[in-house]
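# the amino acid sequence is not available; the structure is as follows:
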């Protein structure tokens, strides 16, 4: 679920940069106070609704069934990416949004905003599921099916003990 979180944050940052460029290049008259408030209310309501729907077992939109179908990771500790924020993703999302901002099509920036909110809702639902089940979800451990989820326990299993509570020999 870290991939959705980093992608959502990168896309949100790119969208914010696109809006900033649009305001700087085309004057602040592009954004009225009422439209900013409407977008903020829309974003809050959309994020809430998407998180509620993603947290269900509905066939094509719910994520819980996918989380529960995850298989155990064969390794003891999965490899964590070195660059957790995803600088490549940020660049990928930043450039088109900057171009849109330069052209002054601020309404087009609602599309990446909606995508970012969807990814953030999926990450929030995944984090809630991980916390409730004591597992960490991982994406891409199966080279043949990189889209398939796997999981590992939050903490390693305690060492086994004998009947006298002594460590095994």
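Great, that's in hand. What you are looking at is a predicted structure, and each value in this text was computed from that prediction instead of being measured. Numbers count the residues shown, from 1 in each chain.
# select the helix or strand of this protein having the lowest average pLDDT value.
The weakest-scoring helix or strand in the chain, judged by mean pLDDT, DSSP states H and E, is strand 149-153 (a mean of 80).
# report all helices and strands that that one contacts.
In terms of contacts (3 or more C-beta pairs under 8 Å, 6 or more residues apart in numbering; DSSP states H and E), strand 149-153 is packed against strand 71-72, strand 135-139. Glycine gets a C-beta too; all of them are placed from N, C-alpha and C.
# name every strand pairing with the shortest one and say which way it goes.
Counting by DSSP bridges, the strands paired with strand 71-72 are strand 149-153 (parallel).
# columns mean neighbour count and distance to residue 107 on top of the helices and strands packed on strand 149-153, output as CSV?
What follows is the helices and strands packed on strand 149-153, written out as CSV (neighbours: other C-beta atoms under 10 Å; distance: least, C-beta to C-beta, whole Å):
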stretch, mean neighbour count, distance to residue 107
strand 71-72, 11, 43
strand 135-139, 20, 32
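# do you know which of those strands lies nearest residue 88?
strand 135-139 (16.3 Å; C-beta to C-beta).
# output the helices and strands packed on strand 149-153 in CSV, with mean pLDDT and distance to residue 90 appended to each entry.
CSV is the format used below for these (pLDDT from 0 to 100; distance: least, C-beta to C-beta, whole Å):
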stretch, mean pLDDT, distance to residue 90
strand 71-72, 84, 31
strand 135-139, 83, 19
